[in-house]
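Asker: quick check, what structure comes out for this input:
(2 chains)
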Amino acid sequence: MAVTKTIEVALSTTGLGPDGRPIRIPLGAEGLTSAPPSLEPELEGEHMLINIGPQHPATHGVLRLVLELDGETVVRCIPHVGYLHCGFEKIGEYRQYNQIIPWTDREDYLNSMGNNVAFALGAERLFGIEITARCTVLRVMAMELSRIISHLVWLGTTCIDIGAFTPFLWCFQERENVYKLLEGWTGARLTTSGSRVGGMIADVPSGWTDGLRAFLRQFPKTLDEVDRMLTRNAIWVGRTVGIGVMTPEEAINYGLSGPMLRASGVAYDVRKDVPYLDYETYDFDVPVGTNGDVYDRFLVRFEELRQSVRILEQALARLPEGPVDVDDPRVILPPKHKATSEMESMIHHFKLVMEGPRPPIGEAYVPVESPKGEKGYYFVSDGTAKPVRWRIRPPSYVNLSAIPRMVEGHLLSDVIAINASIDIVMGEIDR
Amino acid sequence: MPLDPMQLEPAFWPFLIATVVKMLVVFTLYMVVVAYSTLAERKVSAWIQDRHGPNRVGPWGLFQVLADGVKNFVKEESMPGDVNRPTFLLAPAIAFTMALTAWAVIPFGAPLPTPWGKIDLIVADAPIGVLYPLAITSLGVYGIVLAGWSSNNKYSLLGGLRASAQMVSYEVAMGLSVVAVLLLMGNVSLPQVVALQAAGGWNVVLLSVAAFVFMVSAFAETNRVPFDMAEAESELIAGYHSEYSAMKFSMFFIAEYANMLTASAMFATLFLGGWDIPFTDWDTTGPATVAKALATFAIFAAKIGAFMLFFIWIRWTLPRFRYDQLMSLGWKFMLPVALAYIVIVSTGMLLLDIAGVTRGSGAYLLAFLGLNVVLMGLLFVILDRGRLISPASSRLDRARVDRLRAVAAGRSSIAAGEVR
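Answerer: Predicted coordinates for the structure are as follows:
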């Protein structure tokens, strides 16, 4: 037994049952007291109802926006979500902790490595595990690489939404380079499942850091090219400045987070304000906008790409030698050669695989700065190998809730630009 | 001096036969060029985007257009329910026909000598000349409007509405920019316009502002990026032709490229000297020869090709305007500029005539060149500063962009409720 920590927890949400274990949260117990509101609004006068999505090239998945148009001006916008609901959270209640990690790949699929790490961070707080120094730095790399992927996809698709096709392919070429790195590390490109409770799926292969170094040398050049294409382009500026403005007060009231919040002028970044993975020891800046419009969100995310490069360079410089996984037999499997030669190790291996690691009773939540905003996984454990409740705090979902406020009064074309600027991933919203 | 029959005007029957042959040749060549301009679009966009482009069908992907054509012919035609069937079927035919017909009055080479007489390389030297393509391309908007309306689809309807408003608006600016050309040339016949440019300098030098207005309007007229409101893939999902499939869709597609080709030919004819070879008088003086006809045709094709390349290059570089920005650009900028330019050009001509400077002389050319340099300077440096067309930083000055990009030095916490 290496590190064991007793965690003081207050079970705020559920309370303990007579057996001293947290009560399972009843689902759907409230029931519908009234009939659901009509999905299609009554139209006024000459207004036209137009349905954007769920199949539409600019809804980034299966978002459905019901728009009431006066000419081309949006009078009302009603977003509908849920077309991609998979029940990830419910499935998680029937999986051991490490078995949930593949589901985290699939919710915000542009940030799968970051989700894996965020999940592991939350689970480790529940287990009371301190990860190793090398693992900490590797996870920072994982998070920043997936931030780069996510922001590149956002940048490219936003360009397409506003009508510029070329930067899209430039971005996707760079994304491909990151995916090659992740594939070398985890064996998968999109669904990486890269972390485990107490460590990572594997150490990075030899030569991987050189590949990352090469990427970091050449990536800023592509960024500069895209910068030249867009940042001062008259049409781009005309299409984005003053569109979808959120004031700082509104942004906070709507619960926005991430670049959406920072573009409105609120300097809140989980990496700085609630540091995890030693982010407080890295030297990077948090870009903050002033107007809270689509253009500022573009600038904020664009600058975050450059800052991610800075963080990755520092992480490469400080990457220590040593083990990746913690030396904690509660969660980490014994080495394969021991499991096949020693009886004790084999039993240990068998028990961990068949029964799974058991956290203490309690609950845990660790927020991280995902590319879309503040993201976290909340666990409630009753001491068994499976969580009683596993919940995702999805930043896209919260950010999307502000879309009616942002689009009303703008033109149809602006709806597309605003929707792109939220950077939603429907897998995360519908879960 | 014995008359060479090859340098004479042909008699009635040879003229008729030659016209039919010209129609067939032009139509065939035109369709082939339209088909290959789709390949050019795909190849050029691939170069711009670091891709390969089509390279599987035939050497260097050259047979891709044939494969596309066959595909569109044999594909299933789908007819959505509740469409207005006659109009739905008519719309692509209108768009297609109007795009093809506009080409008839454009001269594409020096006269070709034949044993039956000298054949002018133009399908129909109509006396209304330049007005004819303008009229025909305006009719093309019916194809788009009817398609949008008859599809029984809200996206198509919006696309058709946008297209009609846009094409009508830019038609005005385009027509006014052509008026400047007609003023200077004193003739609407396109062969005459070419001949005068060959003698007295190209209009792109003499009338740069009109050339600029015409170019921008040509982009809008052909529904190309940055003015592709009517299609707006990411907003209206192909707009007016959402509901079309197979060959009917293909006809819209051909019409788009045919319109681009016509606009390029119009620009080349009105502003780039038509089939005139620059810096030499060999092509316009002396008896007509086959070599001259071929060389002038080649240079005309090269001018069109260059402008087509420009069309494609712009498409894969710029984002799309918003509908209201497009309209304000057309009505509040292009139209006043074109109107003012007509006044300035006619005043300039009058003053030069009073001063006794002869048309087509070097002094005349220099005077107009100077006038245009001054006007272009005024337009881009002074009038347009902070407006739509200036090359960068239109609404934001550099300092403001830098300020926006400056990262926050001070940190604040949400817990403190501190808002910057």
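Asker: name the element residue 135 belongs to?
Answerer: All of this refers to chain A. Assigned by DSSP states H and E, A:Cys135 belongs to helix A:133-162.
Asker: the chain in question should be chain B.
Answerer: Assigned by DSSP H and E, B:Ala135 falls within helix B:131-150.
Asker: next, the angle from the next helix or strand after that helix to helix B:131-150.
Answerer: On the C-terminal side of helix B:131-150, the closest following helix or strand by DSSP H and E is helix B:154-185. Following axes from the mean of the first three to the mean of the last three C-alpha atoms, to 10 degrees, one obtains 170 degrees for the angle between helix B:154-185 and helix B:131-150.
Asker: what's the spacing between helix B:154-185 and its chain's center?
Answerer: Relative to the mean C-alpha coordinate of its chain, helix B:154-185 is positioned 12 Å out (C-alpha atoms, centre = their mean, to the nearest Å).
Asker: what helices and strands are in contact with the helix or strand just after that helix?
Answerer: Proceeding N to C from helix B:154-185, the next assigned helix or strand is helix B:190-200, under DSSP H and E. Based on contacts counted as 3 or more C-beta pairs under 8 Å, 6 or more residues apart in numbering or on different chains; DSSP states H and E, the elements that helix B:190-200 packs against are helix B:154-185, helix B:246-271. The way it works is simple: take the backbone N, C-alpha and C, and place the C-beta from them, glycine included.
Asker: let's have the ones you listed in a markdown table, adding distance to B:Val130 and mean neighbour count.
Answerer: A markdown table is the format used below for the helices and strands packed on helix B:190-200 (distance: least, C-beta to C-beta, whole Å; neighbours: other C-beta atoms under 10 Å in any protein chain shown):
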| stretch | distance to B:Val130 | mean neighbour count |
| --- | --- | --- |
| helix B:154-185 | 6 | 22 |
| helix B:246-271 | 7 | 23 |
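Asker: the helix holding B:Ala135 to helix B:246-271, inter-axis angle?
Answerer: Using the same axes, to 10 degrees: helix B:131-150 against helix B:246-271 is 150 degrees.
Asker: quick one: neighbours of A:Met141, just the number.
Answerer: The local packing of A:Met141 (other C-beta atoms under 10 Å in any protein chain shown) involves 22 other residues.
Asker: and it, how close does it get to A:Ser264?
Answerer: Relative to A:Ser264, A:Met141 is positioned 29 Å away (criterion: C-beta to C-beta, to the nearest Å).
Asker: mind listing what the residue in the stretch 1-150 of chain A positioned nearest to chain B touches?
Answerer: Of all residues in the stretch 1-150 of chain A, A:Ala58 sits closest to chain B, with a separation of 4.3 Å (C-beta to the nearest C-beta). With contact taken as C-beta atoms under 8 Å, 6 or more residues apart in numbering or on different chains, A:Ala58 is in contact with A:52, A:160-161, A:416, A:419-420, B:234-235.
Asker: and the helix or strand hosting A:Glu249, what other elements does it pack with?
Answerer: Under the criterion of DSSP H and E, A:Glu249 resides in helix A:248-253. Contacts of helix A:248-253 with other secondary structure elements, assessed using 3+ C-beta pairs under 8 Å, 6+ apart, are made with helix A:259-263.
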